[in-house]
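Colleague: Structure of the sequence below:
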Amino acid sequence: AYNVSLIVSANFNSVILSDTLSQIITVRPTPQPAFICNPVCLGDVSKFVDLTQHPGSYLSSWHWSFGTGLAGDTSDHKNPQFAYDSAGIYNVELITINQYGCLDSVRQEATVNYIPIADFEFSIACENDPIFFTDLSDGYDSEIINWDWYFNDPFLSGDHSTLQNPAWTYAQQGTNTVRL
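Modeller: Numbers count the residues shown, from 1 in each chain. Below you'll find the predicted structure:
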């Protein structure tokens, strides 16, 4: 707490008149906003977790702006969730206010990644010959690191591969749906 004084003086008919007012001022703590939001894939919900430090006070409100520039991209919840309509990096702002009305803000990025698009081609499929599968998937701005192939062979178990470009020989002729 601080004791602040104000002294005012005026010249009235060559006489200096003064008055003094003293008040005690208390400087309240300001919150130190912080949050985390892990990267997500397009279509998943971004989850924001408030990590604001607020020693000597409690938080009375939160205001989030999710960085899309569109109306309605805000929240007043402590730990909100938000679904972005497109992949990208968004500049998110959090403003926290404590019970004294003291406030501060922080901006940081939230990342929404493209969903990889599975695609492949395969060699001619002849009975008793291996079929060679070639991955043509697009990871957009990310490196694809896992492949799960399902060959749907009704006559052989273990009709699965995690290789990028596998081969498979079907036990019998027929039509099979391959899934990557």
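Colleague: so what pLDDT did L156 get?
Modeller: pLDDT, L156: 85.
Colleague: Please read the previous query as pertaining to S22.
Modeller: 96.
Colleague: so it sits right up against I7, yeah?
Modeller: No. The criterion here is CB atoms under 8 Å, and S22 misses it with I7 at 9.5 Å. For glycine as for every other residue, the C-beta is placed from the backbone atoms N, C-alpha and C.
Colleague: what's near enough to touch K47?
Modeller: C37, N38, N79, Q81 (CB atoms under 8 Å, 6 or more residues apart in numbering).
Colleague: Considering those, which possesses the most neighbours?
Modeller: Neighbour counts for those peak at C37, which has 21 neighbours (criterion: other CB atoms under 10 Å).
Colleague: my guess is it meets S46, correct?
Modeller: Yes. Contact between C37 and S46 holds when scored by CB under 8 Å: they sit 5.5 Å apart.
Colleague: hey, what's in contact with both of these two?
Modeller: A110.
Colleague: Excluding chain neighbours, what is closest to A34?
Modeller: L51 (4.2 Å; CB to CB, 6 or more residues apart in numbering).
Colleague: Report how many residues lie close to the one you found.
Modeller: 13.
Colleague: can you give me the helices for this protein?
Modeller: Using DSSP state H, no helices are found in the chain.
Colleague: what's the residue nearest to A34 sitting at in phi/psi?
Modeller: Backbone torsions for L51, taken as degrees, to the nearest 10, come to phi -120, psi 30.
Colleague: Am I right that it is in contact with C37?
Modeller: No. Using CB under 8 Å, L51 makes no contact with C37, being 10.6 Å away.
Colleague: quick one: common contacting residues for the two?
Modeller: Common neighbours of L51 and C37 (CB under 8 Å, 6+ apart) do not exist.
Colleague: Tell me how many other residues crowd the residue nearest to S142 when sequence neighbours are not counted.
Modeller: Closest residue to S142 apart from its sequence neighbours, by CB to CB, 6+ apart: N113 at 5.9 Å. The tally of other residues near N113 (other CB under 10 Å) stands at 17.
Colleague: Just grab the bridge partners of N113 for me.
Modeller: C41 (DSSP bridges).
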